[in-house]
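>>> Need coordinates for the following:
(chains A and B)
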Amino acid sequence: MKNPYEVLGLKEGASIEEIKKAYRELVKKYHPDRYMDNPLSELAEEKLREINEAYDYLMKNANNTHQRQQQYQRQQQNQNTGSGYYSGYSNNSQFVYQIKMMIQNGNFAQAQRMLDSMPVRDATWNYLQGLLFLRRGWYDRANAHLQRAVEMEPNNMEYREALSRVNTQFNAYRYNHNYYRGGYQQSPDMCSICTTLWCADSLCECCGGDLIACC
Amino acid sequence: MFGYITPDKPDLKIWEFEVFRGYYCGVCKTIAKQAGHRGRIVLTYDCAFLALLIDSLDIARVSGKQKRCFVHPLKKRYIVDSNFAVEYASDINILLAYYNLKDKWQDERNLLGPAGMTVLKRGHKRVKKKYPDLVEVIEEELNTLRELEKQNCDSIDEVSEPFARLMQKVFLHANDCENTGKVLGWVGYNLGKWIYLLDAYDDIEDNINSGSYNPLIVQFKYDKNEDVKSFKERIREKTEFVLVYSLSELEKAFSLLDIKKNKSILENIIYRGLLIRTRNVLQMGAGCHEKSV
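A predicted model of the protein is given here:
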């Protein structure tokens, strides 16, 4: 087993609070939901398992078994809802299920052949085609097909979830924590400083005072 | 490669910047060794990133020295010693620059092509001998790309596929471990897609003026009477989606890598540098600083 502190990205002897915080962040980072449409999902699962083991080990040593179990159970539940993806909803015929499994296993050519042979291009077809394109890295088409699926059957939660997952991933990176953690870009520029001063001056003048004498 | 991959310099610590430049200089020095001093002109930041990423998977500490170099004789600079990663990146740089020049000559009859190719000929031959399988795959993907471009392919997904796959192979080939290779490959795939499409957006004006192929012009049906600016605005959101989604997939793959060193520099590039570059090219305001490192 790897050094559990290293797995959680901590220095040896980190406090329980630090361990919990690091654990929460890592679980978010490697959560199955985030990797659902990604070809590396298995590796992410493995990483999460490692993190759970490390966390378990550290918490056991910290004599905190009760909480650990709670956390762990919550985690397991999360994982279950995560992988419940393919066992899915009502309209899963054998055919649809097969295609989903092929996409899941990276068997893209055969999945595409089966999709091509489907006579009706309904919401389900668009949904599956969207998932397939997403896995292959054809994001433009994937997005279009998923949108079409939702337009055709707006009440289907599975399709809506897939589309909203795509948007979540897009926005999560676009507004990522690292980018917006407040670097040099957040400081006000000359223009906004001037405007603020001007406003302040006007307000003062309204009240009969003056902030900047020359204007 | 096009030199789109740069860090967000103002957000780097000074030592981080020195190390990044150290890799850049290291790759440059190795190119000079492999292809002669004139070969240095083809150096790109993208290959400095490749060297940095590949070397960061190795547990050995960064080793380098303060040295004077041929290009900047006045001041000593930190230069990373040649190692597997630096050498690999320099080989890839030579290889891709060679094909890029060849392409320029075949498409535009640009005289830079044959001139550069003569300079790189020796280096290219050497690299070809060193990685025969990889070079064969790269040539195959480039042929597919030429074919698609010639057919006026109307799907940005389809036409960006060969270059994305090419980069996937390049990244995958850099590591022997199966799982790490797979993850690196997905980093490369999405990076390739991003580079190809970003370059396409960047070239819209030139391509409209010269009448040459550009996937965005074809897929989004540019009309001859349309103002170029309003066309770019019209397709901005759709292009941004594909570019940023590619980066988000790249980030997920990167999170799975076991990075042993230089983590803060890599994170700067992946979470900030690439995003800022995307916004600059798409002209989306906020943080436009287009200065060379």
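>>> buried set for the longest helix along chain A?
Counting residues, the longest helix found in chain A (DSSP state H) is helix A:41-61. Neighbour-count burial for helix A:41-61 flags A:41, A:43-45, A:47-48, A:50-52, A:54-59 (criterion: 16 or more other C-beta atoms under 10 Å in any protein chain shown). C-beta coordinates here come from the backbone N, C-alpha and C atoms, glycine included.
>>> Just the C-alphas of it, formatted as CSV.
Provided in CSV are the C-alpha atoms of helix A:41-61 (Å, rounded to 0.1, in the frame of the first residue of the first chain):
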residue,chain,number,x,y,z
SER,A,41,-13.5,6.2,-16.0
GLU,A,42,-12.0,2.9,-14.8
LEU,A,43,-8.7,4.6,-13.9
ALA,A,44,-10.6,7.3,-12.0
GLU,A,45,-12.5,4.6,-10.1
GLU,A,46,-9.2,3.0,-9.2
LYS,A,47,-7.9,6.3,-7.9
LEU,A,48,-10.9,6.8,-5.8
ARG,A,49,-10.6,3.4,-4.3
GLU,A,50,-7.0,4.2,-3.4
ILE,A,51,-8.1,7.5,-1.8
ASN,A,52,-10.8,5.7,0.2
GLU,A,53,-8.3,3.1,1.4
ALA,A,54,-5.9,5.8,2.5
TYR,A,55,-8.6,7.8,4.2
ASP,A,56,-9.9,4.7,6.0
TYR,A,57,-6.4,3.8,7.1
LEU,A,58,-5.7,7.2,8.5
MET,A,59,-9.1,7.5,10.2
LYS,A,60,-8.8,4.1,11.8
ASN,A,61,-5.5,5.1,13.3
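>>> Near residue 27, how many other residues are there?
If you meant another chain, say so; for now it's chain A. Close neighbours of A:V27, defined as other C-beta atoms under 10 Å in any protein chain shown, add up to 17.
>>> meant chain B, my bad for not saying
B:V27: 32 neighbours (other C-beta under 10 Å).
>>> same thing with B:H72?
10.
>>> filter the buried residues of helix A:41-61 by proximity to chain B?
Contacts with chain B within the buried residues of helix A:41-61, counted by C-beta under 8 Å from any C-beta of the partner chain: A:L43, A:A44, A:K47.
>>> Out of these, which comes closest to chain B?
Chain B lies nearest to A:L43 out of these, by C-beta to the nearest C-beta, at 5.2 Å.
>>> Would you mind confirming that the closest one makes contact with B:C177?
No - counting by C-beta atoms under 8 Å, A:L43 stays clear of B:C177, with 11.6 Å between them.
>>> from the buried residues of helix A:41-61, which single one is nearest chain B?
Looking across the buried residues of helix A:41-61 and measuring by C-beta to the nearest C-beta, the closest to chain B is A:L43, at 5.2 Å.
>>> From A:Y180, how far out is the closest one?
According to C-beta to C-beta, to the nearest Å, A:L43 and A:Y180 sit 28 Å apart.
>>> Would you mind naming what in chain A lies close to chain B?
A:29-30, A:34-35, A:38-40, A:43-44, A:47, A:133, A:137-141, A:143, A:166, A:169-170, A:172-174, A:176-179, A:183-185.
>>> Mind giving me the PyMOL select for those, buried ones only?
Selection of the buried residues among those in PyMOL, burial being defined by 16+ other C-beta under 10 Å:
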select buried, chain A and resi 30+34+35+38+39+40+43+44+47+133+137+138+139+140+141+143+166+169+170+173+174+176+178+179+185
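>>> Show me the residues of chain A next to chain B that map onto helices.
Counting by DSSP H, these place A:29, A:43-44, A:47, A:133, A:139-141, A:143, A:166, A:169-170, A:172-174 in helices.
>>> B:P114 - nearest residue in space that isn't next to it in sequence?
Closest residue in space to B:P114, ignoring its immediate chain neighbours: B:W105 at 5.7 Å, by C-beta to C-beta, 6 or more residues apart in numbering or on different chains.
>>> how deep is that neighbour tucked in, by neighbour count?
B:W105 sits with 16 neighbouring residues when counted by other C-beta under 10 Å.
>>> Now B:K252: closest residue in space that isn't a chain neighbour?
Leaving aside its chain neighbours, B:K252 sits nearest to A:N38 (5.5 Å; criterion: C-beta to C-beta, 6+ apart).
>>> one step back: which SSE is the residue nearest to B:P114 in?
helix B:84-108 (DSSP states H and E).
>>> B:A60 now?
Using DSSP H and E, B:A60 falls outside every helix and strand.
>>> how about it, what does it touch?
Applying C-beta atoms under 8 Å, 6 or more residues apart in numbering or on different chains to B:A60 gives the contacts B:N83.
>>> Can you give me the pLDDT of the closest residue in space to B:D91 that isn't next to it in sequence?
Excluding the flanking residues, the one nearest B:D91 by C-beta to C-beta, 6+ apart is B:V127, at 4.6 Å. Model confidence at B:V127, given as pLDDT, is 91.
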